[in-house]
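Asker: Turn this into a structure:
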Amino acid sequence: MDQTPIPDGYGPDSELDYEGPDPVWLQLAAVLIARIDRGDYQPKRPIPSIVQLVQEFGLARGTVRKSVALLEAQGYVRTVPGKGSYVLPRE
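Answerer: Reported below is the predicted structural model:
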């Protein structure tokens, strides 16, 4: 499991700080985790697609993919090629 630390201070409705100290992909990962924790994205249901997240946050596809890959590495989602990324049940 990836041990990259997720920065504190980002909630489910946080704006990304493009000039801030934390890389944008880590900020996005923190926002997505906060949304999962809040219940916006339910277990066994998909999170928004890469394209939807690109549009919502105005980021490059590679940046969004890196955030989603971190969520997968840390056990928050499972990515199914061609289908999307699904929230894993929390234990």
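Asker: Any buried residues in the lengthiest helix in the chain, and which?
Answerer: For the chain, the helix that runs over the most residues, judged by DSSP state H, is helix 24-38. Residues of helix 24-38 classed as buried: 24-36 (neighbour count, 16 or more other C-beta atoms under 10 Å). Backbone N, C-alpha and C define where each C-beta goes, glycine included.
Asker: Pull the most distant pair out of the residues you listed.
Answerer: 24 and 36 (18.7 Å; C-beta to C-beta).
Asker: and residue 20, what pLDDT?
Answerer: Model confidence at residue 20, given as pLDDT, is 90.
Asker: for it, helix, strand, or coil?
Answerer: Look at residue 20: counting by DSSP: H, G, I helix; E, B strand; the rest coil, its state is coil.
Asker: What residues does it make contact with?
Answerer: For residue 20, the contacting residues are residue 27, by C-beta atoms under 8 Å, 6 or more residues apart in numbering.
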